[in-house]
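1. Test case, fold it:
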Amino acid sequence: MARKRRSTEIFSMSFLDCMSCGFGAVILFFMIINSQSDITTDQTQALQAETDKLEIEVLEGRKNLALARNSIQKLETEDEEAKDKVSIIKALIAELRAELAKYDKRTLAKIEATEKLQSDIKSLEEEIKRLLALRLEDEAAGERVRSFKGEGDRQYLTGLKLGGDRTLILVDRSASMLHETIVNIIRRKNLPESQKLLSRKWRQVVASVDWLSSQFKKGSEYQIYMFNNVAVPAVKGTEGLWLKIDNGNQVEEAIRTLRRTAPANGTNMYSAFQVIRDMNPRPDNVILLVDSMPTMDAATSTKTSIGPGERLNLFSAAVQLIPSGIPINIMLYPMEGDARASISLWALALKTRGSFMSVSRDWP
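-> Numbers count the residues shown, from 1 in each chain. This next block holds a predicted model:
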């Protein structure tokens, strides 16, 4: 009997399994590829971003480099221009210096010439003064009873207003006439009288009186008083009397008395100015030789010290004794520590139409 032929099935179980496996493999393959594609895409984007950043930085660097090159070129150009200007300025300075040196030489030459001319003029003026003084001295020599030999021509340069028919000389012989400084005055006060007489300042005062007496005109009258705490005439026994300049022996006696009298005690200008009032007839010219303001207004005083204000008050009171119309010519021998003496005595000379001089150490 014929066997019954089995029908063949196209889609059998084994085939489906293979197909399923194959399909699954394809799906897995695509999944794997897709996963790798995402990773690659992320890396690519990151790299692209980094690349873009680098490009931007490169472009910025190129831009900055270009700016730096432009700045360098500008600076180089400015430096060259500055160097050119410096060179021009240096050349101008050198030219100006040369011109200035040329003018300086001309100016110095003019200054030297001017100074020389001024010096020559001054020398000629001094020579004229000296010759005029010598002429006046020669003209007056015949009228003088005494002569005084000074050093050079200093005896002509006093500026004192000498002359008059009756001249009164008041000589300060207080202890301050021993020296210019207070310390040395105190020290010399304790020396023997013979050494006091050798004091440079007092010898200068005596020499000044000697010179003044040689300037009196013939036929005139004079009187010399010394004052410290009291005022006495240099020639003893001549109180209130006028002496004749023609009597040379009396003049010499007065000078000798001054040389033998040592400075001592305080300064009483009240007694000195009282002499002016008591002289009859009154003097028409007074010469006051002094070094400081008064320290007393009487022959005695109980005060051991006196201040500047009190000394000024004593001076003001003493000045009231001077009659009007009599010029007071003052010869000041400055002493330290009495700053008001100069201005006060100068004011007195100015008020009375007299003259004032501060005596130098080497006069007369």
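2. Every contact and neighbour count from this point should use C-alpha atoms.
-> Noted.
3. that's a strand at residue 223, yeah?
-> Yes: looking at residue 223 with DSSP: H, G, I helix; E, B strand; the rest coil, it is inside a strand.
4. what's downstream of the host helix or strand of residue 53, the next helix or strand?
-> Taking DSSP states H and E as the criterion, residue 53 maps to helix 13-141. Following helix 13-141 in sequence order, the next helix or strand is strand 166-172 (DSSP H and E).
5. Give the buried residues for the helix or strand where residue 204 lies.
-> Assessed by DSSP H and E, residue 204 sits inside helix 200-213. For helix 200-213, a neighbour-count test (16 or more other CA atoms under 10 Å) marks 201-213 as buried.
6. Identify, from those, the entry nearest to residue 350.
-> Of all the buried residues of helix 200-213, residue 212 has the smallest distance to residue 350: 20.7 Å, by CA to CA.
7. Next one: that closest one, what pLDDT does it get?
-> Residue 212 carries a pLDDT value of 90.
8. Now for it: which residues touch it?
-> With contact set as CA atoms under 8 Å, 6 or more residues apart in numbering, residue 212 has no partners.
9. gap between it and residue 307?
-> Plainly put, residue 212 is 33 Å away from residue 307 if you go by CA to CA, to the nearest Å.
10. sorry, back to before: can you tell me which of the buried residues of helix 200-213 comes closest to residue 273?
-> Using CA to CA, the shortest approach to residue 273 within these belongs to residue 209, at 18.2 Å.
11. Show me what the mean pLDDT comes to for the helix holding residue 53.
-> The predicted model assigns helix 13-141 a mean pLDDT of 78.
12. Could you list the low-pLDDT ranges of the stretch 201-350 of the chain?
-> The stretch 201-350 of the chain contains no residues with pLDDT under 70.
13. Swap in 90 and give it another go.
-> Counting by pLDDT under 90, the stretch 201-350 of the chain contains low-confidence residues at 213-220, 245-249, 297-309, 334-342.
14. which stretches of it form helices?
-> Using DSSP state H, counting those that start in this stretch, the helices found in the stretch 201-350 of the chain span residues 248-259, 269-278, 308-319, 339-351.
15. Nearest to residue 68, out of these?
-> Closest to residue 68 of the helices of the stretch 201-350 of the chain, according to CA to CA: helix 339-351, at 79.6 Å.
16. what packs against the closest one?
-> On a contact count with 3 or more CA pairs under 8 Å, 6 or more residues apart in numbering; DSSP states H and E, helix 339-351 meets strand 328-332, strand 356-358.
17. hmm, try it at 10 Å
-> Under the contact criterion of 3 or more CA pairs under 10 Å, 6 or more residues apart in numbering; DSSP states H and E, helix 339-351 touches strand 285-290, helix 308-319, strand 328-332, strand 356-358.
18. which one of the ones you listed lies closest to residue 129?
-> Between the helices and strands packed on helix 339-351, strand 356-358 lies closest to residue 129; by CA to CA that is 19.4 Å.
19. picking that back up, now tabulate the helices of the stretch 201-350 of the chain in CSV and tack on mean neighbour count and distance to residue 239.
-> Converted to CSV, the helices of the stretch 201-350 of the chain look like this (neighbours: other CA atoms under 10 Å; distance: least, CA to CA, whole Å):
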stretch, mean neighbour count, distance to residue 239
helix 248-259, 17, 13
helix 269-278, 21, 9
helix 308-319, 16, 20
helix 339-351, 17, 25
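20. Including distance to residue 193, could those helices go into a markdown table?
-> Shown next, in a markdown table, are the helices of the stretch 201-350 of the chain (distance: least, CA to CA, whole Å):
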| stretch | distance to residue 193 |
| --- | --- |
| helix 248-259 | 12 |
| helix 269-278 | 24 |
| helix 308-319 | 27 |
| helix 339-351 | 27 |
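21. right, and those - which one's nearest residue 230?
-> Residue 230 lies closest, by CA to CA, to one member of these: helix 269-278, at 6.0 Å.
22. and the angle from that closest one to strand 285-290?
-> Relative orientation of helix 269-278 versus strand 285-290 (axes from the mean of the first three to the mean of the last three CA atoms, to 10 degrees): 170 degrees.
23. Offset the numbering so it begins at 48, please.
-> Yes, from this point I'll number from 48; that puts the last item at helix 316-325.
24. so how far is helix 316-325 off the chain centroid?
-> Offset of helix 316-325 from its chain centre (CA atoms, centre = their mean, to the nearest Å): 43 Å.
25. which non-adjacent residue is nearest residue 381?
-> Excluding the flanking residues, the one nearest residue 381 by CA to CA, 6 or more residues apart in numbering is residue 338, at 5.2 Å.
26. give the contact list for that neighbour.
-> Shown in contact with residue 338 (CA atoms under 10 Å, 6 or more residues apart in numbering): 218-221, 223-224, 226-227, 248, 314, 377-383, 385, 388-389, 392, 405-406.
27. do residue 219 as well
-> Residues in contact with residue 219 (CA under 10 Å, 6+ apart) are 249, 252, 272-276, 278, 310-311, 313-316, 319, 335-339.
28. hey, what's it bridged with?
-> Counting by DSSP bridges, residue 219 is bridged to residue 274.
29. now residue 332
-> residue 214.
30. That one: neighbouring residues, count only.
-> Residue 332: 22 surrounding residues under other CA atoms under 10 Å.
31. where does it sit relative to residue 340, distance-wise?
-> Residue 332 sits 21 Å away from residue 340, going by CA to CA.
32. just to revisit the earlier point, reformat the helices and strands packed on helix 386-398 into JSON lines and put distance to residue 63 next to each item.
-> Formatted as JSON lines, the helices and strands packed on helix 386-398 follow (distance: least, CA to CA, whole Å):
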{"stretch": "strand 332-337", "distance to residue 63": "160"}
{"stretch": "helix 355-366", "distance to residue 63": "149"}
{"stretch": "strand 375-379", "distance to residue 63": "157"}
{"stretch": "strand 403-405", "distance to residue 63": "154"}
